[in-house]
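> Whatever this is, show me its structure:
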Amino acid sequence: MKYHQFFWAITSAMVMASPIHAADARYSAKNIQKINIFAPSSSNPPWEDKKWLDCDDVILTEEDVRYALQHIRRISEKAYFSEENMDRSGCSGGASVTFKSGKIIVMDIEPTGRIRIFEANRKLEPLGVPSRYYDCAPCNKRKMHLLQDALDRATERRLKELKRLGRLPP
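Next comes the predicted model:
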């Protein structure tokens, strides 16, 4: 294969692959005016057992929100709630994002990369537009080390408790 044919084949493949992982143009990180983190860390009580994982160890930041908006990939509602397709931690963070156009969105972001977004008014009430569901594989890679650290701290707490109860040798 000649060099220019090889170049065009590679370029074509890159162009075809890029929309698959492109962020949602409706929520461009370039057009953010303001980010408000209203829930830096929250948990779903049936999921969180502080002996196993403390969601307060995994905090959502403005940087996380910007990163997510740059890397999200839209998925169906069915895929979002599918047990076999998505990891869940039981932890999440919430933020509102105001864009230069005046559009406001509310985001629920899990460290695993699961993201739900709905458009809202100034009181952060849904506008009636259905929620959109996203996956962010790079977010997962970025935050999973924090989850692992949180799990390690929880294991340490459990071991200390077992030693205190005399169920482990000193």
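> Direction included, what does the strand ranked longest in the chain pair against?
As assigned by DSSP state E, the longest strand anywhere in the chain is strand 32-43. With DSSP bridges as the test, strand 32-43 is paired with strand 91-99 (antiparallel).
> would you put the C-alpha positions of the helix or strand following the strand it pairs with in PDB?
Next helix or strand after strand 91-99 toward the C-terminus (DSSP states H and E): strand 104-109. C-alpha atoms of strand 104-109 as PDB (Å, rounded to 0.1, in the frame of the first residue of the first chain):
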ATOM      1  CA  ILE A 104     -29.000  25.300  32.800                       C
ATOM      2  CA  ILE A 105     -28.500  21.600  33.300                       C
ATOM      3  CA  VAL A 106     -28.400  19.500  36.400                       C
ATOM      4  CA  MET A 107     -26.000  16.500  36.500                       C
ATOM      5  CA  ASP A 108     -25.900  13.500  38.700                       C
ATOM      6  CA  ILE A 109     -22.400  12.000  38.300                       C
END
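> what's in contact with strand 104-109?
27, 60, 64-65, 68, 92-99, 115-122, 124, 126, 139 (CB atoms under 8 Å, 6 or more residues apart in numbering). Just so you know, the C-beta spots here come from the backbone N, C-alpha and C atoms, and that holds for glycine as well.
> so it versus strand 91-99, what angle?
If you take axes from the mean of the first three to the mean of the last three CA atoms, to 10 degrees, strand 104-109 sits at 160 degrees to strand 91-99.
> Next secondary structure element downstream of strand 104-109?
As the chain continues past strand 104-109, the following element, by DSSP H and E, is strand 114-120.
> okay, that following strand in CSV with CA atoms only?
Presented in CSV, the C-alpha positions along strand 114-120 are these (Å, rounded to 0.1, in the frame of the first residue of the first chain):
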residue,chain,number,x,y,z
ARG,A,114,-22.6,7.0,34.9
ILE,A,115,-24.2,10.4,34.3
ARG,A,116,-27.8,11.6,34.2
ILE,A,117,-28.5,15.1,32.9
PHE,A,118,-31.7,17.1,32.8
GLU,A,119,-32.4,20.7,31.7
ALA,A,120,-33.7,23.0,34.4
